[in-house]
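Asks: take this sequence and fold it.
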Amino acid sequence: MRRHDYRSPLSTMRAYLKDMHEARFDAAQPEYDPSWLLAALGPKMLDLSRNLADGAHPYLVTLQHTAEACDLRRRPLARRGAGGGPDDGGERKA
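Replies: I've put the predicted structure just below:
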């Protein structure tokens with residue numbers, strides 16, 4: 001319908017984050033930099049959320065998935081500051 005290419009969501013998100021990072025912002029500057037959180041579930045997108053954003057917001061995932069996502073988050077960061085980003089405390093299902 002809109003002719004979007006959905007074959008490579010990882011490279012599409014990587015390009016989108018790069019464009020956002022390089023985008024010009026002319027409005028009043030916020031007091032602090034807002035966090036960038038991705039709706040990431042799979043391991044590659046979780047890695048991307050750790051390296052190019054401030055983390056992931058899991059939604060309707062199991063506690064096991066959340067634990068595995070947190071383990072991925074503990075790997076060394078490639079960008080966005082020295083900390084581990086915000087708490088990945090998304091909504092979970094039992």
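
Asks: mean confidence for the helix of greatest length in the chain?
Replies: In the chain, assigned by DSSP state H, the helix with the most residues is helix 9-22. Helix 9-22 comes out with an average pLDDT of 93.

Asks: tell me how far it lies from the chain's centre.
Replies: When distances are taken as C-alpha atoms, centre = their mean, to the nearest Å, helix 9-22 is centred 11 Å away from the chain's centroid.

Asks: buried stuff in it?
Replies: 13, 17 (16 or more other C-beta atoms under 10 Å). In short, each C-beta sits where N, CA and C put it, glycine included.

Asks: ditto for stretch 57-77
Replies: For stretch 57-77, by 16+ other C-beta under 10 Å, it's 57-58, 65-66, 69-70, 72-73, 77.

Asks: show me what the longest helix of the chain is packed against.
Replies: helix 43-52 (3 or more C-beta pairs under 8 Å, 6 or more residues apart in numbering; DSSP states H and E).

Asks: what's the next secondary structure element after the helix it packs on?
Replies: Note on helix 43-52: by DSSP states H and E, the next helix or strand toward the C-terminus is strand 59-61.

Asks: helices and strands around that following strand, which ones?
Replies: strand 91-92.

Asks: hmm, which two among the buried residues of stretch 57-77 are most spread apart?
Replies: 65 and 77 (20.9 Å; C-beta to C-beta).

Asks: still on that earlier bit, tell me what angle the longest helix of the chain forms with helix 43-52.
Replies: 10 degrees (axes from the mean of the first three to the mean of the last three C-alpha atoms, to 10 degrees).

Asks: now for stretch 32-48, what's the gap between its first and last residues?
Replies: This stretch, stretch 32-48, spans 23 Å end to end (C-alpha to C-alpha, to the nearest Å).
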